[in-house]
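**Q** Would you be able to build a 3D model of this:
(2 chains)
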Protein chains: 2
Amino acid sequence: MTDTVKMTLDEVRALARSVLAAQGLAPAHVEAVAETMVAGERDGCTSHGLYRLLVCAHTIRAGKVALDAEPEIVESAPGLVRVDARGGYAQLAFALGRGPLAAIAKANGIAALAINNCVHFAALWPEVEALAEEGLVALAFTPSHAWVAPAGGTAPIFGTNPIAFGWPRPGRHPYVFDFATSAVARGEIELHRRAGKPIPLGWGIDAAGRPTTDATAALGGAMLTFGGHKGSALATMVELIAGPLIGDLTSRASIEHDGGANASPLGGELVIAIDPAGFLGGAVARQLDAAEMLFDGIQAQGARLPSERRYAARARSEADGVEVSAKLLADIQALLD
Amino acid sequence: MTDTVKMTLDEVRALARSVLAAQGLAPAHVEAVAETMVAGERDGCTSHGLYRLLVCAHTIRAGKVALDAEPEIVESAPGLVRVDARGGYAQLAFALGRGPLAAIAKANGIAALAINNCVHFAALWPEVEALAEEGLVALAFTPSHAWVAPAGGTAPIFGTNPIAFGWPRPGRHPYVFDFATSAVARGEIELHRRAGKPIPLGWGIDAAGRPTTDATAALGGAMLTFGGHKGSALATMVELIAGPLIGDLTSRASIEHDGGANASPLGGELVIAIDPAGFLGGAVARQLDAAEMLFDGIQAQGARLPSERRYAARARSEADGVEVSAKLLADIQALLD
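**A** Modelled structure (predicted):
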């Protein structure tokens, strides 16, 4: 079997950097964007790993991202941080805003960061994990393109609108979840379409608003939210708090801006950080122990914590490297030709 | 048909106050607690209306609430408010913390309120609606008693752990949702048990962790979260941020404290408030208009916004009063005998 290629994480990093640089992305962006791909590949989230080089190249060639944007901090209330990404990728803007966000959270107990006018193709867990590693509790939200119908509706209006959460665990990887408020990722439906397989009921509706098991019909109609009207309410919340609340695009405005280019979404991201010491003072260690009892109680009954598999993949990848699809590497190589 | 009795909202209020006072609740608590019952009855949420007088009376007679607790603001970081409810009902503690929460949110852009050591039996929408009426975006969370199993697990560890959200709509009632992260309310399963009706698969598991359609078996086993592992992750988040993060009980600790009394849960509540002006400055009105376009887009396709029915019931109740079950009124009357 030679359909995968073994790579070290340094090799993954070097490949990502060289491809991004070859697309004309400015050096600071190359470094920041490449790291999220290394993190995705390392953690076994291959859909957010090197595969995203193809997504980035497409977005860049469509002219939908500012290659040398220099994010800047703009004015906001004292408990907030607002970074204008100026049409560039979100990663560098987060890198700029992260320090001030954490500093205000540690001073005030709570703070929020808005990243505006950014192109977003990555998962949100790297952001909340980084903040939780600093001892903060973190929440992150971002809209995307309007692909998802509201519960009881017939047409796309929400993005896949993920919600991510991080909780610090001293001496361990943070408790982290990051999930779309759509029933599944759009890529999952695309995989079914390519494989000619039906999708389960509940993933999507056709262009007439009827439930469908046809992947192509769902992609041309609308995806559905997870959890019925509750998931739909959460998707609405993400639209609001990572859209109008921070002066940025809704998913519908993002897909209109896209104009059929099928590039990565443009818009905003909201990150909230809370310092446990703000409420707890000297009782932080004791309360983090109480949280560990909760995690123990979940795992003791055979249930998994959300990021367990990801952290296990990370340990393997750091020791042994990763296996990357030879087909994917050929597609990536073609970007350099 | 004489199985309902017509009452004005003033009559509902007077009844709630007289029954609560007769149970020995101190006057300030009587007033605050009665208002949530009036609001529930008014908005057609009868399970959170006068019915809760029975719940309160039971909790009071079990000795599980401090009748004359005087909530006090305790020290926390400058961007936070922390109110110790001292074992009393949550309503008065929220009334104390609400002003400082809103003031800090308006000064800093974001703030959070922790209510500690409170007894909680009410919905969360009154809190987020009140803050949204002031122009703030609000989120609220509270654990309850450990009744709900994690996805993939077999035993109760989470409460029904609601999440509530409010968004200001100038000239209209706020956009508000408030839902349990359990598949359904516990009361819904109890209604099925009393009616001898099976429950749908997905609501609960029996004491051996097996899926069940038997309401009694589910009540003796565990409820399930909505939306599978995503709802389970959200339930975990609520346990963490309205429990250990604010130095308060988890749902498991609450039910241990209860000791079989079947009283209302004891623990904490977290409320986060964000001032749109903190990010938007003078652009608030324009961005609230963008939010209205989102709501219009949802309603134009025949989907409902979460609180539509509640607000419609409110309009009817304010004009015409409410119809209250004669059986319920008899049960309430018995508390006065």
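**Q** quick one, what contacts the residue lying closest to A:Ala180 once chain neighbours are set aside?
**A** Counting by CB to CB, 6 or more residues apart in numbering or on different chains, A:Ala180 lies nearest to A:Thr160, which is 4.1 Å off, once chain neighbours are set aside. In this view, the C-beta of every residue, glycine as well, is placed from N, C-alpha and C. By CB atoms under 8 Å, 6 or more residues apart in numbering or on different chains, the residues touching A:Thr160 are A:Ser144, A:Trp147, A:Val148, A:Ala180, A:Thr181, A:Ser182, A:Ala185, A:Arg186, A:Met223.
**Q** And the strands in the stretch 201-337 of chain A?
**A** Applying DSSP state E, counting those that start in this stretch to the stretch 201-337 of chain A gives strands spanning A:204-205, A:222-223, A:266-274, A:322-325.
**Q** Can you lay out the ones you listed as a markdown table showing mean neighbour count and distance to chain B?
**A** Putting these into a markdown table (neighbours: other CB atoms under 10 Å in any protein chain shown; distance: least, CB to the nearest CB, whole Å) gives the following:
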| stretch | mean neighbour count | distance to chain B |
| --- | --- | --- |
| strand A:204-205 | 26 | 11 |
| strand A:222-223 | 26 | 10 |
| strand A:266-274 | 27 | 7 |
| strand A:322-325 | 19 | 25 |
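**Q** what would these look like in a markdown table with mean pLDDT and distance to B:Ala218?
**A** Putting the strands of the stretch 201-337 of chain A into a markdown table (pLDDT from 0 to 100; distance: least, CB to CB, whole Å) gives the following:
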| stretch | mean pLDDT | distance to B:Ala218 |
| --- | --- | --- |
| strand A:204-205 | 98 | 31 |
| strand A:222-223 | 98 | 31 |
| strand A:266-274 | 98 | 34 |
| strand A:322-325 | 97 | 44 |
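**Q** Now whichever strand or helix holds A:Arg13: average pLDDT?
**A** Taking DSSP states H and E as the definition, A:Arg13 sits inside helix A:9-22. If you average the pLDDT over helix A:9-22, you get 98.
**Q** send the alpha carbons of that helix over as CSV?
**A** Extracted C-alpha coordinates of helix A:9-22, given in CSV (Å, rounded to 0.1, in the frame of the first residue of the first chain):
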residue,chain,number,x,y,z
LEU,A,9,5.2,17.5,11.5
ASP,A,10,8.2,19.6,10.4
GLU,A,11,7.8,18.3,6.9
VAL,A,12,4.1,19.2,7.0
ARG,A,13,4.9,22.7,8.2
ALA,A,14,7.6,23.2,5.5
LEU,A,15,5.2,22.0,2.8
ALA,A,16,2.4,24.2,4.0
ARG,A,17,4.6,27.2,4.2
SER,A,18,6.1,26.7,0.7
VAL,A,19,2.7,26.2,-0.9
LEU,A,20,1.2,29.3,0.8
ALA,A,21,4.3,31.4,-0.1
ALA,A,22,4.1,30.3,-3.7
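**Q** State the distance from the residue nearest to A:Ala180 to A:Ser251.
**A** 8 Å (CB to CB, to the nearest Å).
**Q** go on, A:Leu266?
**A** For A:Leu266 relative to A:Ser251 (CB to CB), the value is 10 Å.
**Q** For chain B, give me its nearest residue in the stretch 151-300 of chain A.
**A** A:Gly227 (3.0 Å; CB to the nearest CB).
**Q** returning to that earlier point: mind listing the shared neighbours of A:Thr160 and A:Ser251?
**A** With CB under 8 Å, 6+ apart as the test, A:Thr160 and A:Ser251 both reach A:Ser144, A:Trp147, A:Val148.
**Q** from these, which is closest to B:Leu240?
**A** Minimum distance to B:Leu240 across the shared contacts of A:Thr160 and A:Ser251 is 26.5 Å, recorded for A:Ser144 (CB to CB).
**Q** Got the confidence number for the residue of chain A most remote from its centre?
**A** The outermost residue of chain A relative to its centre, with distances by CA atoms, centre = their mean, is A:Gly282 at 33.5 Å. pLDDT recorded at A:Gly282 is 95.
**Q** who wins for neighbours among the shared contacts of A:Thr160 and A:Ser251?
**A** With neighbours taken as other CB atoms under 10 Å in any protein chain shown, the top of the shared contacts of A:Thr160 and A:Ser251 is A:Val148, carrying 30 neighbours.
**Q** hang on, isn't that one packed against A:Ala222?
**A** Yes: counting by CB atoms under 8 Å, A:Val148 touches A:Ala222, with 6.3 Å between them.
**Q** Around the closest residue to A:Gly152 other than its chain neighbours, how many other residues sit close by?
**A** Counting by CB to CB, 6+ apart, A:Gly152 lies nearest to B:Ala303, which is 3.9 Å off, once chain neighbours are set aside. Counted by other CB under 10 Å, the residues lying close to B:Ala303 total 20.
**Q** residue contacts, B:Ala303?
**A** Residues in contact with B:Ala303, defined by CB under 8 Å, 6+ apart, are A:Ala149, A:Pro150, A:Ala151, A:Gly152, A:Gly153, A:Ser232.
**Q** That one and A:Ala183, how far apart?
**A** Going from B:Ala303 to A:Ala183 by CB to CB gives 16 Å.
**Q** same thing with A:Asp68?
**A** 38 Å.
**Q** Look up phi and psi at the residue nearest to A:Gly152.
**A** When read as degrees, to the nearest 10, the backbone of B:Ala303 gives phi -90, psi 150.
**Q** pLDDT at it, what is it?
**A** 97.
**Q** Quick check: it vs A:Ala235, distance?
**A** Distance from B:Ala303 to A:Ala235, by CB to CB: 11 Å.
**Q** Mind listing the shared neighbours of these two?
**A** A:Pro150.
**Q** Secondary structure class of A:Lys106, three-state.
**A** Classification of A:Lys106 using DSSP: H, G, I helix; E, B strand; the rest coil returns helix.
**Q** try A:Phe165
**A** Classification of A:Phe165 using three-state DSSP returns strand.
**Q** Ok, A:Ile73 next?
**A** What three-state DSSP gives for A:Ile73 is strand.
**Q** What of the one 5 residues further on?
**A** Secondary structure of A:Pro78, reduced to three states by three-state DSSP: coil.
**Q** For the residue lying closest to it once chain neighbours are set aside, give me its contacts.
**A** Nearest non-adjacent residue to A:Pro78, counting by CB to CB, 6+ apart: B:Asn108, 5.5 Å away. Contact analysis of B:Asn108 by CB under 8 Å, 6+ apart lists A:Ala77, A:Pro78, A:Gly79, A:Leu80, A:Asn108, B:Gly79, B:Gly278.
**Q** excluding its backbone neighbours, what's nearest the last one?
**A** Spatial nearest neighbour of B:Gly278, chain neighbours left out: B:Gly109 (2.5 Å); criterion: CB to CB, 6+ apart.
**Q** hang on, isn't the one you found packed against B:Phe279?
**A** Yes: with contact defined as CB under 8 Å, B:Gly109 reaches B:Phe279; the gap is 6.7 Å.
**Q** Can you check which residues contact both of these two?
**A** A:Ser76, A:Ala77, A:Leu80.
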